[in-house]
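K.L.:
sequence unknown, structure follows:
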C-alpha cells in the first residue's frame, strides 16, 4: 500500500501477550512476530521496527504501546502490523485512541492477520471488534474471580504462590488433590518447623539446617531470609488459608498439613518472645463465604456465644449471621443446630437406597458399549469435517495472498469458515466419552447413597465438603437456608422419596423373592428412565 506520493508506507510490527489468564490461548509473541513478518513479506510491506511487550491489554499505560503511539505522532512510521486488533487494546481508552488516529489519517493503515483497515474504511466493524475484546476481558475478569472464589470454597488455595514445601498440582485428574507436597522439600520444611516449635533449634539455626539438607527454590537458589521468616509464620502449614489475602476470609484447606495448630502457636511464641498462650482459634463448618446474605450481599459468618446459667453451668452456642460489613442489615442470626436441621432436610431429599444405586448403574452400564460405538463414529465424522474446513481456509488464504480473491469476498468467506471451524471444534470438545459419563453418574449415586450417614456422623470438614458438593449459591434469608442443588442431584431429589417408598414396600429386600420383585418393578417402570 502506498500514499499519494507513492512512498511506501512504513510499518511498526506490534506483538503483545498478556501475563493474565485472558491470553492463555493466544499465540506466543514469537509466533505473532513470525506469522506477521511472513505476511508482510508476502504483501511487500516495509517493517522498520518490531515492538513487543508482555502486559494486559485491559490496562491503560502500557510502556511499549505508548512508545509506538509516540513514533506515529512523530511521523516516524505510517502504519501498524499486528496479529489481531485485540493485541492493540482490550480497553476503551486505547481503542478509541487508535480509531481516532486512523480516522484522522495519522495512522495510514492497520494490517491484521485477517484484514486491512484504512482511514477511508467504515470503522463500525472496528468499533464492534474492539467492543467485543473489551467486554470479553470484563466478563473473563468476573468469571476468573468467581472461579477462584469457588476454588477457595472447595478447600484449595487459589493463591498463585504457595508457602515453601507445597506446589500446585497443575495437571491433576478428577478427584486428585489440587495442592500437593513439593517432593523432598516438604519433608525438609516440615522438619524445620517442628524443630523450631519444640525449641530444638532457633529460627536462625533452622534456616541454616534447611539449606544444609538441600532445600532449594523452584529456580534452584537458596531461600532469602526475609522469605523464610515470612513463610514459617504462615497458618497454611496447619491447614487454613486466607483468600483474598488481607480480606479476613479464612478457609479450611484440603491440603496435607505440615504441623498442628498448637505447633504453629509455639513457633509464633518463639518468634515473638512471648510465653503467653495464644487463644485457641475456632473452626466452623460453614464459615468463609460459603453462605451469602441476599439482602446486602455480605458473607454469613459464625458467631460463637458463651452463656452462663444461674446454676453456674456454662453453655456454648454458635450462631450464623450476616457480617454486615456493608452497613445495616435486617437479617437475624440462626443457631447452628437449626441451620444443620435445614441442611439435613436437603441432604435427605437426595438420599437413595443401595438397591436403587446398584440397579441403576447396572442398567446404564448395558448401554455403554453401544454408546461407545456411536461416540467414536460421531467424533471421527466431526474430525473429518474439521479437517476439510481447515483445508478450505488454507486454500482461501493462499488465493487471497496471490490476489485471486477480492478483499470483500475473502473477508466474508473467511468469517463463514471460521464460524464453521469454531462450531466443529466445539462439538468435538463437548462429546464426552460414555465411560466418563458413567463414572460421573457412579460418583453422584455413591454420594447420594452415603450422604445422609456421613452428614449425621461426620466432622466439620466432612459436613462442609458435603454442602459444597450438594450445590452452590447458598443464601440465608429470614432464617431460611436455600441453595441451588447441582443438576444430577436435583433430578434425584425429585424422585428419591418415591424410590425409598418402593424399597419399603418390598422389605425385607434380603429375601430373594422380594428383591426379584423390586427389580422387576423398576425394570418396567418408565419413570426411572430419566
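P.N.:
Sure thing, it's come through. Computed from a predicted structure; not experimentally measured.
K.L.:
Just the buried residues of the helix or strand harbouring residue 37, please?
P.N.:
Secondary structure from DSSP states H and E places residue 37 in helix 29-42. Across helix 29-42, burial judged by 16 or more other CB atoms under 10 Å covers 29, 32, 33, 36, 37, 39, 40. (Glycine included, C-beta is placed from N, CA and C.)
K.L.:
what about that helix, distance to the chain center?
P.N.:
33 Å (CA atoms, centre = their mean, to the nearest Å).
K.L.:
Check stretch 224-237 too.
P.N.:
In terms of CA atoms, centre = their mean, the centre of stretch 224-237 is found 27 Å from the chain centre.
K.L.:
Next: stretch 153-168.
P.N.:
How far stretch 153-168 lies from its chain's middle: 13 Å, per CA atoms, centre = their mean.
K.L.:
can you offset everything so residue one is 32?
P.N.:
Sure, I'll start counting at 32 from here, so that last one is stretch 184-199.
K.L.:
ok, residues contacting that stretch?
P.N.:
179-180, 182-183, 209-213, 216-217, 219-221, 246, 248, 254, 258-259, 262, 265, 267-268, 272, 274, 276, 282-286, 289, 319-321, 492, 495-496, 499 (CB atoms under 8 Å, 6 or more residues apart in numbering).
K.L.:
so where is the stretch 32-181 of the chain shaky, pLDDT-wise?
P.N.:
Judged by pLDDT under 70, the stretch 32-181 of the chain has its weakly predicted residues at 32-37, 50-58, 153-156, 158, 162-178.
K.L.:
Residue 451: how many residues sit nearby?
P.N.:
If you count neighbours by other CB atoms under 10 Å, residue 451 ends up with 17.
K.L.:
One more: residue 473?
P.N.:
By other CB under 10 Å, the residues close to residue 473 number 15.
K.L.:
That one is in what secondary structure piece?
P.N.:
In the assignment (DSSP H and E), residue 473 maps to helix 465-488.
K.L.:
Against which helices or strands is the helix or strand following that helix packed?
P.N.:
Next helix or strand after helix 465-488 toward the C-terminus (DSSP H and E): helix 491-501. Contacts defined by 3 or more CB pairs under 8 Å, 6 or more residues apart in numbering; DSSP states H and E place helix 491-501 against strand 281-283, helix 367-381, helix 465-488, strand 511-516.
K.L.:
Pull the contacting residues for residue 325.
P.N.:
506, 507, 508.
K.L.:
In the stretch 282-431 of the chain, what residue spans correspond to strands?
P.N.:
Per DSSP state E, counting those that start in this stretch, the stretch 282-431 of the chain carries strands over the ranges 322-323, 331-339, 345-353, 365-366.
K.L.:
Need the winner for burial among those.
P.N.:
Stretch with highest mean neighbour count among the strands of the stretch 282-431 of the chain: strand 322-323 (a mean of 20; mean count of other CB atoms under 10 Å).
K.L.:
Show me where the stretch 182-331 of the chain dips below the pLDDT cut-off.
P.N.:
202-206, 277-279, 304-313.
K.L.:
Could I get the full set of helices for the stretch 182-331 of the chain?
P.N.:
For the stretch 182-331 of the chain, the helices defined by DSSP state H, counting those that start in this stretch cover 214-228, 234-243, 256-263, 292-303.
K.L.:
Now do the buried residues in the second one.
P.N.:
Looking back up the chat, that one is helix 234-243. Neighbour-count burial for helix 234-243 flags 234, 237, 238, 240, 241 (criterion: 16+ other CB under 10 Å).
K.L.:
That helix to helix 256-263, inter-axis angle?
P.N.:
Helix 234-243 and helix 256-263 meet at an angle of 100 degrees, taking axes from the mean of the first three to the mean of the last three CA atoms, to 10 degrees as the criterion.
K.L.:
Residues contacting helix 234-243, please?
P.N.:
Outside helix 234-243, the residues within contact range by CB under 8 Å, 6+ apart are 219-220, 222-224, 226-227, 232, 253-254, 256, 259-260, 263, 301-302.
K.L.:
mind checking how far it is from the chain centre?
P.N.:
Relative to its parent chain, helix 234-243 has a centroid offset of 37 Å by CA atoms, centre = their mean.
K.L.:
do the same with the first one
P.N.:
Taking the mean C-alpha point of helix 214-228 and that of its whole chain, the gap between them comes to 30 Å (CA atoms, centre = their mean).
K.L.:
One more: stretch 495-512?
P.N.:
Centroid displacement of stretch 495-512 relative to its chain, using CA atoms, centre = their mean, is 20 Å.
K.L.:
just to revisit the earlier point, can you tell me which of the helices of the stretch 182-331 of the chain is nearest to residue 46?
P.N.:
helix 256-263 (33.7 Å; CB to CB).
K.L.:
Buried residues in that closest one, which are they?
P.N.:
In helix 256-263, counting by 16+ other CB under 10 Å, buried: 259, 262, 263.
K.L.:
now the end-to-end length of stretch 127-147.
P.N.:
18 Å (CA to CA, to the nearest Å).
K.L.:
distance between it and the chain's centre?
P.N.:
With CA atoms, centre = their mean as the basis, stretch 127-147 stands 36 Å off its chain's centre.
K.L.:
ditto for stretch 271-285
P.N.:
17 Å.
K.L.:
out of the contacts of residue 325, who's nearest residue 487?
P.N.:
Ranked by distance to residue 487 (CB to CB), these are led by residue 507 at 21.7 Å.
K.L.:
Neighbouring strands of the helix or strand where the closest one lies in the sheet, and parallel or not?
P.N.:
Using DSSP H and E, residue 507 sits within strand 502-508. As defined by DSSP bridges, the strand partners of strand 502-508 come to strand 322-323 (parallel), strand 511-516 (antiparallel).
K.L.:
Which stretch among those is buried most, on average?
P.N.:
Highest mean neighbour count among those (mean count of other CB under 10 Å): strand 322-323, with a mean of 20.
K.L.:
which other residues reach that strand?
P.N.:
Residues beyond strand 322-323 that count as contacts (CB under 8 Å, 6+ apart) turn out to be 329, 330, 331, 351, 504, 505, 506, 507, 512.
K.L.:
Run the chain-centre distance for it.
P.N.:
Centroid displacement of strand 322-323 relative to its chain, using CA atoms, centre = their mean, is 19 Å.
K.L.:
Same check on stretch 324-336?
P.N.:
The chain centroid and the centroid of stretch 324-336 are separated by 25 Å, computed with CA atoms, centre = their mean.
K.L.:
Okay, now it: how far is its last residue from its first?
P.N.:
One end of stretch 324-336 sits 21 Å from the other (CA to CA).
K.L.:
from the buried residues of helix 234-243, which single one is nearest residue 77?
P.N.:
residue 241 (57.1 Å).
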